[in-house]
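In: sharing a model that was predicted from the sequence below.
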Amino acid sequence: MMSSLSRELVFLILQFFDEEKFEETLHKLEQEFGVFLNMKLQFPNLRRSRLRTLINQSLNWQHDLCCDASPYPSIETLYVDHSCQYPNRAWAPSPANNSLLGIKEGAVKMSSLSKQLVFLILQFLNEEKFRESNHKLEQESGVFFNMKYFEDEVHNGNWDEVEKYLSGFTKVEDNRCSMKMFFEIKKQKYLEALDKHDRSKAVDILVKDLKIFATFNEELFKEIAQLSTLENFGENEQLSKYGDTKSARAIMLVELKKLIEANPLFHDKLQFPNLKSSRLRTLINQGTGAW
């Protein structure tokens with residue numbers, strides 16, 4: 001059962017999503033949380049950017065524990081508690097000492113918190129098992145590419161979700177690695193339709209999804225288009241070892257992972273930061289003085 005603090009945190013997160021324009025994630029979390037569909041609760045009246053305010057208060061308080069407190073709290077203390085050689089005697093947050101609800105001059109700027117806040121929220125959503133909202137936020141924010149989730153969707157052949165998730169991080173025209181990734185996915189969709197002898201669907205994919213690649217490699221597009229005229233596309237020499245759908249997806253996934261790892265747009269998005277358990281709750285407790 002969700003704790004009272006967790007419920008309050010969800011409201012703060014929903015406000016953050018609204019402010020950051022993460023509209024799809026906002027509606028997905030509303031659905032998973034369930035409070036608006038069944039009208040159990042009314043959305044509370046929150047001050048603007050309330051989550052950021054509380055996080056800033058937590059950062060300020062952590063650094064105020066030091067006798068030689070820095071005027072610019074380190075953003076790294078969002079992930080691991082700040083410690084110093086010479087602790088101060090402060091034992092609880094003191095919002096009264098901070099102007100504008102604990103945000104002192106010199107505190108970490110609000111805008112610089114957004115990416116780090118998304119990581120904290122992703123951890124919270126995962127801990128609370130809001131899985132759909134979690135993956136939607138990964139996609140909409142573009143801060144973390146969840147390879148395990150991507151692999152599962154490819155293995156399951158959920159091509160619409162595979163492409164939508166990928167598009168949160170890159171577009172076809174970004175670079176050659178990105179172009180090849182989208183091409184391989186659409187080609188696999190096309191081949192699976194042919195393998196099922198669903199020619200109308202195959203032609204639809206050819207015209208709507210694959211034709212765009214003709215501008216990059218017209219000969220390759222013509223060769224792919226010709227497959228729809230064969231009784232069995234396995235007659236094509238290059239596809240003679242296609243095998244079954246499961247093995248074909250696995251082979252394609254190996255190629256996709258290589259392209260993702262080689263793509264400079266993904267270089268800082270494949271590793272989730274090392275966070276203490278329930279880190280967002282800890283920071284909110286520090287920010288409100290709830291010990």
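Out: Looks like it arrived, so ask away.

In: most distant residue from the middle of this structure?
Out: Distance from the centre of the chain peaks at Glu231, with 41.7 Å (Cα atoms, centre = their mean).

In: give me the secondary structure label for that residue.
Out: Secondary structure, DSSP: H, G, I helix; E, B strand; the rest coil: Glu231 is coil.

In: surely Leu194 is in contact with Gln226?
Out: No - in this structure, Leu194 is not within contact of Gln226 by Cβ atoms under 8 Å, at 11.3 Å. (Each C-beta comes from the backbone N, C-alpha and C, glycine too.)

In: neighbour count winner among those two?
Out: Comparing Leu194 with Gln226 by other Cβ atoms under 10 Å, the one with more neighbours is Leu194, at 23 against 11.

In: quick one: that one from Pro273, how far?
Out: According to Cβ to Cβ, to the nearest Å, Leu194 and Pro273 sit 43 Å apart.

In: let's check: the centremost residue of the chain is which one?
Out: Glu138 (0.6 Å).

In: what residues are up against that one?
Out: Counting by Cβ atoms under 8 Å, 6 or more residues apart in numbering, Glu138 touches Leu122, Phe144, Phe145, Asn146, Tyr149, Tyr165, Gly168.

In: contacts only, for the fifth one.
Out: It stands for Tyr149. Neighbours of Tyr149 in contact, by Cβ under 8 Å, 6+ apart: His135, Glu138, Tyr165.

In: may I ask which helix or strand encompasses it?
Out: With elements taken from DSSP states H and E, the one containing Tyr149 is helix 147-155.

In: show me the helices in the stretch 51-200 of the chain, by range?
Out: Secondary structure of the stretch 51-200 of the chain by DSSP state H, counting those that start in this stretch: the helices cover 99-102, 110-127, 131-141, 147-155, 159-167, 176-195, 199-205.

In: for this structure, give me the ranges with low pLDDT.
Out: Applying pLDDT under 70 to the chain picks out residues 1-2, 35-42, 61-112, 233-241, 289-291.

In: going along the chain, name the strands of it.
Out: Ranges of strands in the chain, per DSSP state E: none exist.

In: picking that back up, distance of the residue farthest from the centre of the chain relative to Gly287?
Out: Glu231 sits 67 Å away from Gly287, going by Cβ to Cβ.

In: which residue comes closest to Gln250 once chain neighbours are left out?
Out: Not quite, residue 250 is Ala, not Gln. In this structure, Ala250 finds its nearest non-sequential neighbour in His155, 7.3 Å apart by Cβ to Cβ, 6 or more residues apart in numbering.

In: for Lys148, see how far away that neighbour is.
Out: For His155, the distance to Lys148 - Cβ to Cβ - is 11 Å.

In: between these two, who's got more neighbours?
Out: His155 (12 against 7).

In: what's near enough to touch the more buried one?
Out: Lys246, Arg249, Ala250, Leu253.

In: any chance of the helices of the stretch 51-200 of the chain in JSON lines, with distance to Glu23 too?
Out: Below are these laid out as JSON lines (distance: least, Cβ to Cβ, whole Å):
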{"stretch": "helix 99-102", "distance to Glu23": "27"}
{"stretch": "helix 110-127", "distance to Glu23": "15"}
{"stretch": "helix 131-141", "distance to Glu23": "8"}
{"stretch": "helix 147-155", "distance to Glu23": "20"}
{"stretch": "helix 159-167", "distance to Glu23": "14"}
{"stretch": "helix 176-195", "distance to Glu23": "24"}
{"stretch": "helix 199-205", "distance to Glu23": "28"}
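
In: Phe213 is nearest to which of those helices?
Out: With Cβ to Cβ as the measure, helix 176-195 is the member of the helices of the stretch 51-200 of the chain nearest Phe213 (5.4 Å).

In: what's the burial count for the residue nearest to Phe16 when sequence neighbours are not counted?
Out: Of all residues not flanking Phe16 in the chain, Leu51 sits nearest, at 4.8 Å (Cβ to Cβ, 6+ apart). Leu51 is flanked by 25 other residues according to other Cβ under 10 Å.

In: quick one: residues contacting Leu51.
Out: Leu51 makes contacts with Leu12, Ile13, Gln15, Phe16, Leu117, as judged by Cβ under 8 Å, 6+ apart.

In: what about Arg199, distance to Gln116?
Out: In terms of Cβ to Cβ, Arg199 sits 50 Å off from Gln116.

In: same check on Phe16?
Out: 12 Å.

In: same drill for the two, tell me which one is more crowded.
Out: Neighbours per residue (other Cβ under 10 Å) separate Phe16 from Gln116, with Phe16 holding more: 21 against 17.

In: contacting residues for that one?
Out: With contact set as Cβ under 8 Å, 6+ apart, Phe16 has these partners: Ser49, Leu51, Arg52, Leu117, Ile121.
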